[in-house]
Every structure is written in C-alpha cells, then in structure tokens.
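Participant: turn this into a structure:
(one chain, ligands or ions: 1)
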Amino acid sequence: MTRLLEGKLVKKDKKRAAKLKKAKDEAKVEEDRNRLATFVREALDEVGKEDFPETVEGKEKFFMDQVAMGESLFAGGESGYQSAAICFYKALKVYPSPVELIMIYQKTIPEAVFNLVYTMMSLEIKKRQEEYWEIFPSNEMNVKIQPVEINDSKASDDKEKLIRRGVFSIKDFKPGDVIYEEKPIVSALDPNLEGGGFCGYCLREIKEKVIEDEDDLFRPIYCSEKCRSTASAEYSTILFKKPTTSPLTDKESRLVDLIKGDNVKYPLMIARFFARMVYEETEKVAQKIEEEYTTYDHVEKLRYLELPVTEREQREIEILKDLLASKVPGIEEFISERYMMFKGKLEYNSYGINTAKEYNKSINESKEETVRNSSNSQITGAGFYHVTSFFAHSCDPNTQISFPSENHVLSVIATKPIKAGDELKLSYIKIGDYDTKSRREELLKKWKFLCLCPKCAEDDPGEDEDDEENWVDEDEGSSS
Ligand SMILES: C[S@@+](CC[C@H](N)C(=O)[O-])C[C@H]1O[C@@H](n2cnc3c(N)ncnc32)[C@H](O)[C@@H]1O
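Facilitator: Numbers count the residues shown, from 1 in each chain. Okay, here's the model as predicted:
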C-alpha cells in the first residue's frame, strides 16, 4: 500500500517537474523571441536612419565593405552574429537584385546569421505593406481602405478568419454628393469600337474632330491632343509604335490581331498595364521621383480569382512576351509568372464603362441602376481603378458609380445619407425586384461569393459569408 502511495507520489513529482520544465522552456522560447524582435526592430531603425550611396561605384564599394565586415564578424564566433547580420542586411539594400543575393546568403553564411537577415527583410516588407494603407488613398479621396473580417462560422480559430478589404468614408455625405472621382490605372474600349467613334484613351464618344495616330499600329482615334500624347507616353509607344530602327511590325500586328480578331479587351488592358508599369519605372528614374509605391505595389494587394490557363491564355502570354521582350529586356520571365495573376485581378476588379451619349441620357432619364459588370453588351469599355476596386457589394447599397464627364473618369456618388466611418458599398448587379435567391445566384455565378449583405441576411439568416472558390489573397501569401 505504502509502495503504491510512494509510486503515485513519484509519478506526481515527475509530472510536476515535467510541467515546470515545459513552462521554463516555453518562457525561454518567448524570451528568445522577444529578444529577437527587439534586435530586429532596433536594427531596422538603425539601418533606416543611414544614408546609402547613390552612385553605382559608391554602391559597389559599400556592398563589398559590408560583406567583408560581415564575414569577419561571424568568423569571430556567435557574439558577432547580430552585427554580422546588420552588415549583410545593409549590403542587401544596395544590391540590384536582393532576392538573388538572399539565395547566395543562404548557401554561404551561417544559418543563424542568415535567419536574422531573413527576419529583418520579412519585417521590413510587412512594415512597408502596413504603411501603404496610411498614405493610400490620399486624403482628398475622402475614404480609407480597412480590413473587414468575413463572418465565417467554418473557421475554427482566429488565424483562419478571412479578411477582405472594404472602403470606408471619412466624412459625412448626403444623397447626391460626389464622394470622389478617379481616373483608371488602365482602361480599354471594346475592340470593335477602336478607331470608330470613341477615343482610344479616355473612351469619350467623338462626334466631331478626330485626332489620328498614323504611327500606332492599333489605329486608335483620340478626342484631344492631350489624350493622344498621354496614351503615347503611358503605353502606346511601348506597345504599338512602328519602330524606326528595326522593323518589328510582325510582333505588334500579332497582338493587334489577337485583340481585334477575337474582340477581347483584356489582353489589351493587360498589355497596357505592363507597359504602364514600365513607363512608371522609367519616369521615376528620369524625373528622380521619390514615390515609394508603384501601381504594382497597389495591385499586389487586391484579391483575385485564380483562372485556369487555357490555350487562349498561353497564346496571349506568348504574343505579349514576344512583343515586349524586344523592347524591355528581362521582362519575359515577369510576364510568364504574372500574366494569369494580372488577368485574374483585372477581370475580377474592373468596371464596365458606358460613355455613349445616348446611353447616359437614357440612364439619367430612367434613373436606371449602374452595375459593376464589365462584360455586358451595353458597355463601351472597361476600366481598372485604384480605390474603387476595393468596393464590396450590397443589395441595398449606399453609393453608385457614374461617368458624368462621359469618359473613363469614374465618380462615386452617395445614394443614402453616409456618416464618417460607414462602409461604402455599391451593387455589382442589377437589384430591381429580384428576390434574395436570384440575387445570390447571380453573384455566386459571376463573382463566386455568397452575399451576406444586411438585405440578404435579413431574408435568409444563418448562411456563411464565405462561399468563395479559388480565392487568392495576396497578403495571406497564398498567391502564385
Ligand atoms: C471584387 S472583390 C472586391 C475587393 C475585395 N473587397 C478585396 O478585399 O480585395 C469582391 C470580393 O469582396 C468580397 N465581398 C464583396 N461584397 C460582398 C458581400 N456582399 N458579401 C460577401 N462578400 C463580399 C468577396 O470576397 C468578393 O469575392
């Protein structure tokens, strides 16, 4: 009996000791984690204050010095690992292709030092992503973009909760007020309208004087000299201008044939989008623009539906690669890797635009709803917008989009009283007298989500908001 009792006590002691050890180990892990976080934060602050060389020679020398110093520091043993990591991190800041250098580091420096450099780099990227939402959208847009938790009862813990981003007003508005106006990142006419009655840049209907661009193989027409020169700078010189030095017309014509032959505007929008990014980068260098974020940073943050790569897309990718590789060295890989992502984002987040005067007149007279869909038969073209891309849908929306200047400039108009802090929503589909089931079916078919706006929730409570297929959320890091 006593032996049994002793045995039980020993077992209890052992359990207690194991528990104590586990708690100590966990505290040590936590302490190490905190120490690492403090080191990384302080190191990033220190590096952030430093002025880095700007000339090529200066950068080369700085790079060599930092790498040499890092190597001698880690060679001295563990006590030099943190200082070594800072040197390698600084070297990374001036190296032209940091991702390549990280791969070299992984093979050449001690694992513990590499992990420190890697953590610093990851934290900096995260910080940069968060800071983006402080400066975008700019104050005059009257809105903020904020995360909204999707009410998903299937998610078992907090980490699995889905986040979408929504647009929130920062001011009060009354019905009829214009909340903001914005120009698209890119827009395109329906290809069968190109060169016939509508401006190739701003999509305005042209009734009188037309400006042609003989050098552009796509043969667009423009409503003004300004539209012609902007289109030329932003994308058409890169994509379609007849080159004076080498006759590359074959490559350009293949893209024109693809777009006009199949009457599809998305390859053109994507081509313009790639060209626009090249233009932005070139401008940044030429004008010494300090702007930290580019359109690419912005688009990265949008969610999209992953599309299957069919023969059509393969053809689009090949044609675009073939054309742009001759003009922008090194762009081929970028196009191969990102084309489907851009296609998914552009198709999913664009808006249909109708600039035909007759159409706008009838809309104003009948007060017909404007919808988000960019592929119905009544549109002149489509546009992809910075802020408006983030709007969520509601079957009882508080805003509406319109194109009051009868061109691609989009206005967001309040249709209900709005208070600062309210989420702004518009309708992706025509609501009319359709019942909840039909509205949900249409949204599910076209947009792949089950609507849980208050109007739907009221009619049919108890549904999960998340019923989406193939979603890719960039910030969750699960994209291509
Ligand atoms: C065109 S995207 C809009 C951009 C998106 N809010 C983001 O975070 O990038 C549409 C997606 O927003 C979410 N969404 C918008 N309106 C919704 C609604 N009424 N009910 C549920 N989800 C909605 C869904 O995830 C949908 O697939």
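Participant: quick one: residues contacting residue 53.
Facilitator: With contact set as CB atoms under 8 Å, 6 or more residues apart in numbering, residue 53 has these partners: 59, 61-62, 94. Yep, even glycine has a C-beta here, placed from its N, CA and C like the rest.
Participant: ok, residue 419 touching residue 174?
Facilitator: No. Residue 419 lies out of contact with residue 174 (CB atoms under 8 Å); the separation is 10.6 Å.
Participant: name the residue of the stretch 201-350 of the chain that lies nearest to the ligand.
Facilitator: residue 303 (3.8 Å; CB to the nearest ligand atom).
Participant: that residue is in contact with residue 164, isn't it?
Facilitator: Yes. Between residue 303 and residue 164 there is a contact at 6.8 Å, judged by CB under 8 Å.
Participant: those two: who's more crowded?
Facilitator: The neighbour comparison of residue 303 against residue 164 (other CB atoms under 10 Å) goes to residue 303, with 22 against 17.
Participant: low-scoring pLDDT stretches of the stretch 301-450 of the chain, where are they?
Facilitator: Residue ranges of the stretch 301-450 of the chain with pLDDT under 70: 357-378.
Participant: pretty sure residue 288 sits in a strand.
Facilitator: No. Judged by DSSP: H, G, I helix; E, B strand; the rest coil, residue 288 forms no part of a strand; its state is coil.
Participant: residues contacting it?
Facilitator: With CB under 8 Å, 6+ apart, residue 288 has no contacts at all.
Participant: and the pLDDT for it?
Facilitator: As predicted, residue 288 sits at a pLDDT of 71.
Participant: excluding chain neighbours, what is closest to residue 349?
Facilitator: Counting by CB to CB, 6 or more residues apart in numbering, residue 349 lies nearest to residue 389, which is 4.1 Å off, once chain neighbours are set aside.
Participant: assign the one you found to helix, strand or coil.
Facilitator: The local conformation at residue 389, judged by three-state DSSP, is helix.
Participant: name all residues that make contact with it.
Facilitator: With contact taken as CB under 8 Å, 6+ apart, residue 389 is in contact with 302, 349-350.
Participant: what about residue 344, distance to residue 434?
Facilitator: Using CB to CB, to the nearest Å, residue 344 is found at 27 Å from residue 434.
Participant: ditto for residue 27
Facilitator: In terms of CB to CB, residue 27 sits 59 Å off from residue 434.
Participant: looking at those two, which is more packed in?
Facilitator: residue 434 (14 against 10).
Participant: contacting residues for the more buried one?
Facilitator: By CB under 8 Å, 6+ apart, residue 434 lies in contact with residue 442.
Participant: now with 10 Å, please.
Facilitator: 395, 440-442 (CB atoms under 10 Å, 6 or more residues apart in numbering).
Participant: in terms of pLDDT, where does residue 77 sit?
Facilitator: With respect to pLDDT, residue 77 has a value of 91.
Participant: show me where the stretch 151-300 of the chain has helices.
Facilitator: According to DSSP state H, counting those that start in this stretch, the stretch 151-300 of the chain carries its helices in the segments 225-231, 237-239, 249-262, 266-286, 295-300.
Participant: which strands or helices does the shortest one pack on?
Facilitator: Using 3 or more CB pairs under 10 Å, 6 or more residues apart in numbering; DSSP states H and E as the contact test, the elements touching helix 237-239 are helix 249-262, helix 266-286, helix 311-325.
Participant: which parts of the longest one are buried?
Facilitator: Of the residues in helix 266-286, those with enough neighbours to count as buried (16 or more other CB atoms under 10 Å) are 266-279.
Participant: on that earlier part again, of the contacts of residue 389, which belong to helices?
Facilitator: Among those, the members found in helices (DSSP state H) are residue 349.
Participant: ok, of the contacts of residue 389, which one's closest to residue 206?
Facilitator: Residue 206 lies nearest to residue 350 out of these, by CB to CB, at 22.8 Å.
Participant: up against the ligand, what does the protein have?
Facilitator: Proximity of the chain to the ligand, by CB under 6 Å from any ligand atom, involves residues 164-166, 302-303, 348-349, 390, 392-394, 447, 449, 451-453, 465, 468.
Participant: contacting residues around residue 384?
Facilitator: Residue 384 sits in contact with 184-188, 269-270, 272-273, 295, 299, 302, 342, 345-351, 374, where contact means CB under 10 Å, 6+ apart.
Participant: please enumerate the strands of this protein.
Facilitator: Here the chain has its strands, by DSSP state E, at 143-149, 163-169, 178-182, 186-189, 211-212, 221-222, 304-305, 351-353, 381-384, 392-393, 399-402, 410-414, 423-426, 471-472.
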